Each structure stands twice: as C-alpha cells, then as structure tokens.
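Peer 1: Predicted model, plus sequence, below.
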Amino acid sequence: MGANRLACLVVGAGAMLGAAGVAAGQWRDGAQVYEKVCAHCHEANVGPVLKGRQLPQVYIERVVRHGNRAMPSFRPSEIDDTALAEVAQLIGASAPAVKE
Amino acid sequence: MSSNDRTLPKGVTAADFDKAMREIRAIVGAEHVLVDEEPLAPYNKIMMPVADAQHAPSAAVMPDGVEEIQRIVKVANTYRIPVYPVSTGKNIGYGSAAPVQRGQIVLDLRRMNRILDVDAELCTALVEPGVTYQQLYDYLQENKLPLWFSCPAPSAIAGPVGNMVDRGVGYTPYGEHFMFSCGMEVVLADGEVLRTGMGAMENSNTWQVFKWGYGPTLDGIFTQSNYGIVTKMGMWLMPAPPDFRPFCIQYPNETDITKIVDALRPLRIAMVIPNAVVIAHTLWEAPCTPVKRADYFTGPGAIPDDAVLKIQADHGIGAWNVYAGLYGTKETNDANWKIIEAVAAGTGGTIITEEASRGSQALQYRFDLMKGKPNLGEFGLYNWRGGGGSVWFAPVSQAKGTETLKQMKMAKEILGKYGFDYVGEFIVGWRDMHHVIDLLYDRSDETQTKNAYACYDELLHTFANEGYGMYRASTAFAEKVAATYGPVKRDVEKRLKKALDPNNIIAPGRCGISL
C-alpha cells in the first residue's frame, strides 16, 4: 500500500462517506440501517421476523425508540429521525421473507 | 409536564436547570438537547433489576466535538449539574445508556463517530467514542485492509471506546481490550484536554505505538472511573493471519471443567492458543442454538439438571463447550493442531471444526467473534427466559480447575435458590478467568425482578467472602461492588476525584466513586 495514512484526521464526518461507508448516525438510507443494525437480530433467528407483517410505521418507530423487553432502545444520535422513518416505512411495506 | 414531575439533578433548582439548558443549547444547538420525557425514553431503557426511575436522566446532550464538551463541562461546573458520558450506550446488562444516578445529564457522544486514522503498516487506529465496531469493520472491508480487531458479543451496535473504558473483553488474540488500547484524549472536569502517553508531546507521531510516555502512566485512571471524558482512543489492530482455525471442543460432564482448565491453561500461557479461550455452559449455548426453555421446563424455579441433560442429548451440546482458535500460517497451525487434538483426546473432549460446524447458529457466531466479525448472535440469550431482564455477574477466578468448579457450584446453588438458571461461561485471560454469568429474569414480573436483585446481592457478597471480586459490574450495583474492594482503595479514588473533579460533575457514583 502506498499511503499508509488512510484517513488522516478527517475533520467532518461527511468526508468519510466515500472511503468508509457512512458514519454511524448518518445513514445512507433506511435499507442501510436495516442491514447494519436491525438485520443482525431480525434476520438471524434472534429477534422476531419483521418483514411482510405490515407492521404500522408508528409502531416500529416507537419500539425502536423505547426498546421492548430484550430489544434495546435506539437514540436519535444512533438512528436519526429521517433514517428511522425510512426503515419503518421499508419494513411496513415489505413482502414476507422467502423461505426455502 | 409540571415542574414537580421533572427529573432534576439532586440539589439543583428548576430555574438553574433551565438556565443551564439554555446555555448548553447555545453550545450544541437546540436539536441536540433533549429534556422532555418522551424523547428521553431511549436513555432510560435498562435491563437491571431496579426501577427505571432510579436511573432516569434529567436531559440528554449530544455534542459534536471536543470544544463543545469543554464548554459543556464549564456550564456543568457553574450549576453543579452532573453529566454522564456514554459513547455508543450499548453496555447492555451493565446499565445501557442510563445514568448511574437519577437526575444526571447523559452526555451522548455518539455523534462523534469519526475514524480519524488507520495506519495499515503499524496496524493502529485512532477513533472517536461514537464509532461502532460495525463501522470500523465496514471501513476495513471497504478499504480492503487485511486488519482485524477484537470486539465483544454485542459488537454490531457497541463501540471500541466505550467497551475499552469499561474494560470489556473480546475473543481474538487482542481480546484484553484495555491492553490493546494505546493513547487517549480526555476532557477533564475543568475543561482541560489531556492526551496520555506520547500524545502529550506536540508533533509526536508515536501516540498510537508507545503506551507509556514519560512519568506516571495515566490511561488506567480513565477506565472504570469518572475522572474524565475520553474523546479519542488509539487501538492496535491485528494483521489478518494467513490461516485461521477456530474450533469447539465439547465435554459431557459439568465436572469436566477441572480438567479442561488445567489442560488448556499451559497452552494459553505459552500462547499456543493466543486468544481468550471461552468455556461455555450448556445453558449459554442452548438459547443461541436456539432451544426454547419452555420446551423442556415450565415449572417454577430453576431448570432441573435432567432437563439440561436432555437438551445436551437432543441438540448435540456439551455440558461445557470450549471455543478457541489457532492464528498463524498453515504450517504453524498444522503443528499446533496436533497439540489441540492430543489435548482433546486426553481429556475426553470432542472437537468440532469450522467445516463440521456448518449450520450451527451457536458455533457460527462464536467463530465470527473470534475473527472480529460483528454480530448480535449472543442476544439469543435474551430469549431464554424472555421479559428483558439481564444483569451480569462477573467474578474473577484463577485459571485453575478446582477454582472454576468451586465457583460454578457456588453460583449454581445461589441462582437455584432464587429460581434462576446457571447461564455462565468462563473466559480465559492469561492466568485469570472471567467467570461471566447472565442472570436472566423476566423484568415484567415483579417477583422475579425482586428476586433477581436479592440473588445478585447474595452472589456478590458470598463470592466476596471467598475472596472473589468482580471485574465489572452494572451501574445498579456499582456502590456495593466497590465496597467489596476495601476502604483504602476507595479513599485513594476519592482523593483523585477531589483533585480532578472537585465539583463532582462527571458521573458521580460510577464505579462507586463520588465526593
């Protein structure tokens, strides 16, 4: 590798977008939130399957912010309101996961 | 909300609190200050067996940058308002993002999430507190850097700074996270910014490679403490080995723990096995397999031993399940593999290789953790009892077989007395073992919650009487755990607090330290 300093003291999070994916809390879109956060449990036989259940957007948003029993809560600093609305919309409108 | 309903910091008037909040809004922007009950809900979600109200925050403040934090602590000093710093806030089972005491302002550092530097030659990184392990993993992948890090089980949503500051551990050869940190930047209570080690010297380029600097080494006082707010941390990364060979060895009997520990300890000390060996009990494996408790036992009290034996038989789970890995070249791993096979054969264990493990959810997440691949597989534990109650009991043990068996029996007996299951594992450091027990209970059940508190209390005091101290504890038990370490240590901690934070504004009560 030529340059060993890959990201020398980047000052703004925005500058990381190209090289390092998206800084946490500044999500590309709802799909990315689902992939990087939700799917770790909800597509892995840990949390309940969410897709295809027509869950109301407002319900999803509330559970994400408040948590629910073992489900952790997520703060606006982790998932901003816009990204949360997107992921809730995406899940609410999703088709059921295809089972083999 | 009437002013009577508000959660105000102890001894602070509503008028002063409002003034302080106005000043803080001017620093971070109004949208980054939360004071109403509903928006604060995510900061008050706990799994500990105490009332939410005990850990309710007054406000949450989300600064972005060291300078903003410097200005916030000045306001906090003026009004004597305590601030409780959290980074990713996912210290689940140890307190999450909720403040250690009711009425503190959560200083939420998650917006500070920049990966500031990665040096691919020296294998080092410099990160801010809001960086998650998932974010760091994605960065390394996207930049095609053959570097690994060590992460704890809730890795996808947790982060390296918060985990290191709480002295968490992980599963690669770099699993003792504080040991593999190198250099910190800390905002002190008076607003000064300290860089530890070589970072104190202007123009130094050795901050992330030499830990000690000159004079007293200060990094340790900023872990499991409240002497400053860590705003940057250096960490060492591990070159991805050419050959990685994770494995599991299963053992049929609970008493096998003695020979397992005694056989593996020499390999760990000599670093034939370079990572933390995990020895997980059946009931740690079962919920992550996943197996449903209700399919085996629905009665009151702890799950009986015969049901545990049936789970082992039905699902191919050992009484103990040993996880470790070989990290090297094909040649070195081939040589060391022979040693592992001989140890397994000599102790009556059955080896499961990565190839043979395909399809096993429990083994897969372990093998992923051993190469620092973030996941949340271990959250399967929370389906065992259900109800979202979890409090970690984590005494340190010597890495000796007789000691581990003694601790397991003690814990199982006390847990059983209160109707809880022994869900435990041992993590072998070098000469120590972290005995980690997840006291799982249904937090929506008042009796279970009360029993969980009493059970933890008895565990803590019984173990302390035998000379076993905790390596880490939840915020609900910080004071009690600190008390088990005796008065001199606590007095020194108090003197340091007085010197560095005379107004007691940074997380008073954390780890039992307060003025």
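Peer 2: Nice, thanks for sending it over. Numbering: from 1, shown residues only, chains lettered A, B, ... in the order given.
Peer 1: Kindly list the longest strand within chain B.
Peer 2: Secondary structure of chain B read by DSSP state E shows that its longest strand is strand B:432-442.
Peer 1: ok, and does that strand reach over to chain A?
Peer 2: No: residues of strand B:432-442 contacting chain A under Cβ under 8 Å from any Cβ of the partner chain: none, with a closest distance of 8.5 Å. For glycine as for every other residue, the C-beta is placed from the backbone atoms N, C-alpha and C.
Peer 1: Also stretch B:365-383?
Peer 2: Yes: Stretch B:365-383 is in contact with chain A by Cβ under 8 Å from any Cβ, via B:374, B:375, B:376, B:377, B:379, B:380, B:382, B:383.
Peer 1: surely the last one meets residue A:70?
Peer 2: Okay, so that is residue B:383. Yes: Residue B:383 lies in contact with residue A:70 (Cβ atoms under 8 Å); the separation is 7.2 Å.
Peer 1: neighbour-wise, which of the two wins?
Peer 2: residue A:70 (24 against 20; other Cβ atoms under 10 Å in any protein chain shown).
Peer 1: And the more buried one, how far from residue B:149?
Peer 2: Distance, residue A:70 to residue B:149, using Cβ to Cβ, to the nearest Å: 26 Å.
Peer 1: Of all residues in chain A, which one is nearest the centre?
Peer 2: Geometric centre of chain A, nearest residue: residue A:33, 1.7 Å, by Cα atoms, centre = their mean.
Peer 1: do you know how far the residue lying closest to residue B:242 once chain neighbours are set aside is from residue B:244?
Peer 2: Leaving aside its chain neighbours, residue B:242 sits nearest to residue B:329 (5.0 Å; criterion: Cβ to Cβ, 6 or more residues apart in numbering or on different chains). Applying Cβ to Cβ, one obtains 11 Å for the distance of residue B:329 from residue B:244.
Peer 1: who has more neighbours, the two?
Peer 2: A direct count of neighbours by other Cβ under 10 Å for residue B:329 and residue B:244 places residue B:244 higher, at 17 against 11.
Peer 1: which ones are touching that one?
Peer 2: Counting by Cβ atoms under 8 Å, 6 or more residues apart in numbering or on different chains, residue B:244 makes contact with B:325, B:326, B:327, B:370, B:371.
Peer 1: now do 10 Å
Peer 2: By Cβ atoms under 10 Å, 6 or more residues apart in numbering or on different chains, the contact list for residue B:244 reads B:148, B:172, B:325, B:326, B:327, B:328, B:333, B:354, B:367, B:370, B:371.
Peer 1: May I have the beta-bridge partners of it?
Peer 2: residue B:327 (DSSP bridges).
Peer 1: Before we move on, what's the pLDDT of it?
Peer 2: pLDDT, residue B:244: 98.
Peer 1: just residue A:16 next, same as before
Peer 2: For residue A:16, the predicted pLDDT is 39.
Peer 1: Give me the buried positions along stretch A:72-89.
Peer 2: Across stretch A:72-89, burial judged by 16 or more other Cβ atoms under 10 Å in any protein chain shown covers A:72-80, A:83-88.
Peer 1: and what of stretch B:183-194?
Peer 2: Buried, per 16+ other Cβ under 10 Å, within stretch B:183-194: B:183, B:184, B:185, B:186, B:187, B:188, B:189, B:191, B:193, B:194.
Peer 1: what does stretch A:87-100 give?
Peer 2: Burial within stretch A:87-100, assessed by neighbour count using 16+ other Cβ under 10 Å, is assigned to A:87, A:88, A:90, A:91, A:92.
Peer 1: go on, stretch B:289-301?
Peer 2: Residues of stretch B:289-301 classed as buried: B:289, B:290, B:291, B:293, B:296, B:297 (neighbour count, 16+ other Cβ under 10 Å).
Peer 1: Report the entries of those that also contact chain A.
Peer 2: Residues of those in contact with chain A (Cβ under 10 Å from any Cβ of the partner chain): B:289, B:290.
Peer 1: what residues are up against residue B:440?
Peer 2: Counting by Cβ under 10 Å, 6+ apart, residue B:440 touches A:70, B:47, B:93, B:283, B:287, B:293, B:381-391, B:415, B:420-421, B:423, B:448, B:452.
Peer 1: beta partners of it?
Peer 2: residue B:390.
Peer 1: before we move on, the earlier item: and the contacts of residue B:244, which of them are in strands?
Peer 2: Residues of those located in strands (DSSP E): B:148, B:325, B:326, B:327, B:328.
Peer 1: Give the full set of residues in contact with the third one.
Peer 2: Taking Cβ under 10 Å, 6+ apart as the definition of contact, the neighbours of residue B:326 are B:241, B:243-247, B:272-275, B:332-337, B:339-340.
Peer 1: Which of the three states applies to residue B:93?
Peer 2: coil (DSSP: H, G, I helix; E, B strand; the rest coil).
Peer 1: ok, residue B:262 touching residue B:428?
Peer 2: No: applying Cβ atoms under 10 Å, one finds residue B:262 not in contact with residue B:428, separated by 11.5 Å.
Peer 1: Find residues that contact each of the two.
Peer 2: Common neighbours of residue B:262 and residue B:428 (Cβ under 10 Å, 6+ apart) are B:399, B:404.
Peer 1: So these two - more neighbours on which side?
Peer 2: Between residue B:262 and residue B:428, residue B:428 has the larger neighbour count (other Cβ under 10 Å), namely 27 against 15.
Peer 1: ok, and the closest non-adjacent residue to the more buried one?
Peer 2: Nearest-residue entry for residue B:428: residue B:277, 4.1 Å, with adjacent residues in sequence omitted and distances by Cβ to Cβ, 6+ apart.
Peer 1: For that neighbour, the count of nearby residues, please.
Peer 2: A count of nearby residues for residue B:277, using other Cβ under 10 Å, gives 24.
Peer 1: For it, give me its contacts.
Peer 2: Counting by Cβ under 10 Å, 6+ apart, residue B:277 makes contact with B:171, B:175, B:249, B:260-261, B:264-265, B:267-268, B:322-325, B:399, B:426-429, B:433.
Peer 1: So which of these sit within helices?
Peer 2: Among these, the members falling in helices (DSSP state H) are B:260, B:261, B:264, B:265, B:267, B:268.
Peer 1: list the contacts for residue B:51?
Peer 2: Going by Cβ under 10 Å, 6+ apart, residue B:51 touches B:102, B:449, B:476.
Peer 1: Distance to chain A for those residues - can I get that in CSV?
Peer 2: Putting the contacts of residue B:51 into CSV (distance: Cβ to the nearest Cβ, whole Å) gives the following:
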residue, distance to chain A
B:102, 18
B:449, 13
B:476, 17
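Peer 1: Which of the residues you listed ranks first by neighbour count?
Peer 2: Neighbour-wise, these (other Cβ under 10 Å) top out at residue B:476, 22 neighbours.
Peer 1: so who does that residue touch?
Peer 2: Per Cβ under 10 Å, 6+ apart, neighbours of residue B:476: B:46-51, B:54-55, B:94-95, B:98, B:100, B:391, B:453, B:456.
Peer 1: do you know how far it is from residue B:100?
Peer 2: In this view, residue B:476 and residue B:100 are 9 Å apart by Cβ to Cβ.
Peer 1: where does chain A have low pLDDT?
Peer 2: Where chain A drops to pLDDT under 70, the residues are A:1-25, A:97-100.
Peer 1: Could you pull out the helices in it for me?
Peer 2: Residue ranges of the helices in chain A, as given by DSSP H, are A:30-33, A:39-42, A:57-66, A:81-92.
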